[in-house]
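S.K.: Give me coordinates for this.
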Amino acid sequence: MLEVLTPAPGTEALIAAVQNGADAVCIRFGGAGARGFTQSEFARAVRYCRVRGCRVYAELDTLVADSEMSAAADFVRSASEAGVDAVIAQDWGFLAAAKAVAPLLRAFAGERLGIHNAAGLEAAAQLGAARVMLPRELTLEDIAALARRSSVELGVTVQGALCSSWEGQCYMASINGRGSANRGDCPGLCREKYSLGGRMDDYPLSLKDTSGLDYIPELEAMGIACAAVGRGMKRPEQLAKLTEVCVKCARDSRKPTAGEKDELELILTGREGTDAYLRGAALEEDMLSLPGGPDRDAERAMGAVRRVYADTELRRVKVEFFALIQEGRPFRSGIQDENGNRAVWNGPEPMKAVGPELSRRSVEAELRRTSGTPYACENVNVMLGPGLMLPEGTLQQARRELIHALSAKRGEAPAMRTGRLPVPEGGKPPVDRPALIFEVMHAEQLTPELAALGPDYIYVPLPVLAAEPERLEPFTAARSAPVVVLPRIIRDAELRQTAQLLEKARSAGVTQALIGSLGHVALARMAGMDARGDYSLNVFNSYSMEIAARAGLLSATASFELTMEQIKQLSKPLDTEIIVYGRLPAMLTERCLIKTSAGRCACGTPSRMSDDFGGVYPVLREAVCRNAVYGPSKLFLGDRLEEARQAGARGLRLLFTNEGARECVEVAKSFLGESEYRPNGLTRGLYYRGVE
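M.R.: Coordinates of the predicted model:
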């Protein structure tokens, strides 16, 4: 049966979800603890859910730095001891650490890990993930294909906020100094105003909510394990109504009725919905939504919803009572739930009846009175001798004591074996001269003048290299090793085309590929290439470094959200690369912003977006009409290369985006000490301030 998963950002939201039938709730933790819960409140929340048969998933909603990994391991232990059913990881290194610390506790791969193809699912399974939450950009066809091939459970968001960027690929907040989405601190910059091309004072990044309740029967038929609702919603009343409708649809394997849709539309006033991604129509339909909020009618509807979950207890746990009332023997009663948990209570010996005697019907009626508790009585077995009675209130006391004892037993956390956090392997010492790497975006940037500067590696996008392989000749003549850059997103439906392009690149003598997802390692190997890890893997700690090494990567790019000191402290079992120049990526969008700007398909023509503070963000085509948005300032560490070397970087990458060919050459010369070039409005990125 399809599990309905609801977020619980606070105690009221948790109660609202549980009292409306949620099969599971997700409590998110950040670096400082559970949001909306103190430690004692969290323990009580887990017990509340366990008693009521609702699973609890504790999510560490952040990338984890090395200095935080010990606390993260303690979080896993305490969550396990509290009785949670699984932890959700948004960091590959934390996923590995969680499995080491609590090997019997289930671990799920969160959406920000960016698993979007079958090879990615296999990689997650090998690392111990029991479930993968799929990205919201996938179509029903994509999901069905993955479900047929997956060895792990799959989760799909059927109602909730849509990010403009693929999750895990949004750096907009961090490069603007306003938090970090990858650290669980998204300020919602995509909901702000931007000018895109000729469209002024617009909201080109503000998307409607994903709305896929109509597809619950199809998802259940595919074998999807989990339907998640309410992501990004703060109001408990909205979560309650969403959960109620989703639970009813999942139980009956149906779509919402017209009446249910009307109720949702009212209570979600100010939140428009779309199923464009699920239908594969994102490029053809308007998915944008203007900011809004509930009106008076919505507030009244929410008040009615609140009164229901605040004043009533949903009887969601099936139980069975028994009572033994025989002459000459103490009264004996018991209760058993659907999971086999039992409790027994013994009372006084029954007496000869003086007046009305007990009947099976009266005993059963008294024990069935479970309103106000989480229990629904399915059956009562009564063995009753003739002509007997019990002291007044005995049956009521038996019922209360049994329910109390059963609740205590259900609330107990199972004993779970825990282990130690492994110590990362030592790294390699700094090298005298790190490798110099040039990455280009366009064929026009691949000039003989750039090749003459002798980079150790030249990174070229797959479509560019496959279309014009002759552009590599000056670089190979200068003994620069060519590396093909794979798209960050490669759906299974795009594999054939990607493989054909890789074959062309291999024929041109390319033997290495830069990959941005663990699911792409196998694709590179099938093409006869070794793989290097890009920044989009979000390698933020030594444990992620070890995963990259075990995956067979030649190198891994450290997250540019790390400080130079944090990079220095990383264990480095493989060569570590850092970006030292260029516009840092802000986000990767599934929608084509360039088409939105131009009003037609014009992916070959770069666009730009500007904010209210004068920042200009280049928008470039990445692959299959996806767009990459880059930051307004250029990172420049040309005068701090020794610090990068001392931090253990063995590769220094210059990331060229919308620079002209001549500017690329001048920038490269400045890093070789042959030019005084400095970009206007340069930034040191996050290497000296980091992210919270």
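
S.K.: Was I right to think Ala376 contacts Arg368?
M.R.: No - counting by C-beta atoms under 8 Å, Ala376 stays clear of Arg368, with 9.4 Å between them. Using the backbone N, CA and C atoms, a C-beta is placed for each residue, glycine as well.

S.K.: For Glu338, which non-adjacent residue is spatially closest?
M.R.: Among residues not flanking Glu338 along the chain, Lys318 sits closest, at 4.6 Å (C-beta to C-beta, 6 or more residues apart in numbering).

S.K.: which residues are in contact with the helix or strand hosting that neighbour?
M.R.: For Lys318, the element it lies in under DSSP states H and E is strand 317-325. For strand 317-325, the external contacting residues (C-beta atoms under 8 Å, 6 or more residues apart in numbering) are 51-53, 331-338, 350, 358, 363, 367-368, 370, 374-385, 388, 390, 395, 398-399, 402, 406, 410.

S.K.: avg pLDDT for that strand?
M.R.: The pLDDT scores in strand 317-325 average 98.

S.K.: The helix or strand that comes right after that strand pairs with which strands?
M.R.: Reading on from strand 317-325 to the C-terminus, the next helix or strand found by DSSP H and E is strand 332-337. When pairing is defined by DSSP bridges, strand 332-337 lines up against strand 317-325 (antiparallel), strand 342-346 (antiparallel).

S.K.: and Cys26, what does it touch?
M.R.: Neighbours of Cys26 in contact, by C-beta under 8 Å, 6+ apart: 5-8, 57-59, 88, 228.

S.K.: Can you tell me the SS state at the closest residue to Arg479 other than its chain neighbours?
M.R.: In this structure, Arg479 finds its nearest non-sequential neighbour in Gly454, 7.5 Å apart by C-beta to C-beta, 6+ apart. Following DSSP: H, G, I helix; E, B strand; the rest coil, Gly454 is assigned to coil.

S.K.: Give the burial count for Gly454, as a bare number.
M.R.: Other residues lying near Gly454 total 14 when counted by other C-beta atoms under 10 Å.

S.K.: distance of it from Leu146?
M.R.: 44 Å (C-beta to C-beta, to the nearest Å).

S.K.: how about the helices in the stretch 1-150 of the chain?
M.R.: 11-19, 39-51, 66-82, 92-101, 118-126, 140-149 (DSSP state H, counting those that start in this stretch).

S.K.: can you list those helices in a markdown table and add distance to Ala548, mean pLDDT and mean neighbour count?
M.R.: Listed next are those as a markdown table, based on distance: least, C-beta to C-beta, whole Å; pLDDT from 0 to 100; neighbours: other C-beta atoms under 10 Å:
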| stretch | distance to Ala548 | mean pLDDT | mean neighbour count |
| --- | --- | --- | --- |
| helix 11-19 | 37 | 97 | 25 |
| helix 39-51 | 33 | 95 | 19 |
| helix 66-82 | 15 | 95 | 19 |
| helix 92-101 | 8 | 97 | 25 |
| helix 118-126 | 11 | 98 | 20 |
| helix 140-149 | 24 | 98 | 17 |
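
S.K.: So for Arg488, which of those sits nearest?
M.R.: Minimum separation from Arg488 across the helices of the stretch 1-150 of the chain (C-beta to C-beta) falls at helix 118-126, 11.9 Å.

S.K.: The closest one vs helix 140-149, what angle?
M.R.: Relative orientation of helix 118-126 and helix 140-149, computed by axes from the mean of the first three to the mean of the last three C-alpha atoms, to 10 degrees: 50 degrees.

S.K.: residues touching Gly270, list them.
M.R.: 292-295, 298.

S.K.: How is the protein partitioned into domains?
M.R.: 3-162+207-311, 317-411, 435-671 (automatic domain parsing).

S.K.: export the ones you listed to CSV and tack on distance to Pro422?
M.R.: What follows is those, written out as CSV (distance: least, C-beta to C-beta, whole Å):
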stretch, distance to Pro422
domain 3-162+207-311, 5
domain 317-411, 32
domain 435-671, 8
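
S.K.: just so I know, which of those domains lies nearest Tyr194?
M.R.: domain 435-671 (5.0 Å).

S.K.: quick check: longest strand of the chain.
M.R.: strand 575-589 (DSSP state E).

S.K.: Tell me the helices and strands packed up against that one.
M.R.: With contacts defined as 3 or more C-beta pairs under 8 Å, 6 or more residues apart in numbering; DSSP states H and E, strand 575-589 has these neighbours: helix 172-175, strand 435-439, strand 555-557, strand 627-636, helix 641-646, strand 651-655, helix 661-671.

S.K.: Dump those to CSV, plus distance to Cys592.
M.R.: As requested, the helices and strands packed on strand 575-589 are exported to CSV (distance: least, C-beta to C-beta, whole Å):
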stretch, distance to Cys592
helix 172-175, 18
strand 435-439, 23
strand 555-557, 26
strand 627-636, 6
helix 641-646, 35
strand 651-655, 22
helix 661-671, 26
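
S.K.: In JSON lines: these, plus mean pLDDT.
M.R.: As requested, the helices and strands packed on strand 575-589 are exported to JSON lines (pLDDT from 0 to 100):
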{"stretch": "helix 172-175", "mean pLDDT": "96"}
{"stretch": "strand 435-439", "mean pLDDT": "99"}
{"stretch": "strand 555-557", "mean pLDDT": "98"}
{"stretch": "strand 627-636", "mean pLDDT": "97"}
{"stretch": "helix 641-646", "mean pLDDT": "97"}
{"stretch": "strand 651-655", "mean pLDDT": "99"}
{"stretch": "helix 661-671", "mean pLDDT": "98"}
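
S.K.: can I get those in CSV with distance to Gln19 and mean neighbour count?
M.R.: Shown next, in CSV, are the helices and strands packed on strand 575-589 (distance: least, C-beta to C-beta, whole Å; neighbours: other C-beta atoms under 10 Å):
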stretch, distance to Gln19, mean neighbour count
helix 172-175, 34, 25
strand 435-439, 53, 23
strand 555-557, 46, 26
strand 627-636, 41, 23
helix 641-646, 54, 15
strand 651-655, 51, 24
helix 661-671, 60, 19
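
S.K.: and the contacts of Cys26, which of them are in strands?
M.R.: 5-7, 57-59, 88, 228.

S.K.: closest to Glu473 among those?
M.R.: Ile88 (48.4 Å).

S.K.: what about the stretch 101-250 of the chain, any weak spots by pLDDT?
M.R.: 198-201 (pLDDT under 70).

S.K.: Apply 90 and report the result again.
M.R.: 185, 196-204, 231-234 (pLDDT under 90).

S.K.: And the strands in it?
M.R.: 106-109, 131-133, 153-160, 194-196, 199-202, 209-211, 226-231 (DSSP state E, counting those that start in this stretch).

S.K.: wait, which of these is closest to Val619?
M.R.: strand 194-196 (7.8 Å).

S.K.: mind listing what the closest one pairs with, with the direction of each?
M.R.: strand 199-202 (antiparallel), strand 607-610 (antiparallel).

S.K.: one step back: what's the residue nearest to Arg479 in contact with, if anything?
M.R.: With C-beta under 8 Å, 6+ apart, Gly454 has these contacts: 436, 478-480.

S.K.: Which stretches in the stretch 301-450 of the chain count as helices?
M.R.: So, for the stretch 301-450 of the chain - with DSSP H, counting those that start in this stretch - the helices run 360-367, 394-411, 448-451.

S.K.: okay if I get the ones you listed as TSV plus mean neighbour count?
M.R.: Converted to TSV, the helices of the stretch 301-450 of the chain look like this (neighbours: other C-beta atoms under 10 Å):
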stretch	mean neighbour count
helix 360-367	16
helix 394-411	18
helix 448-451	18
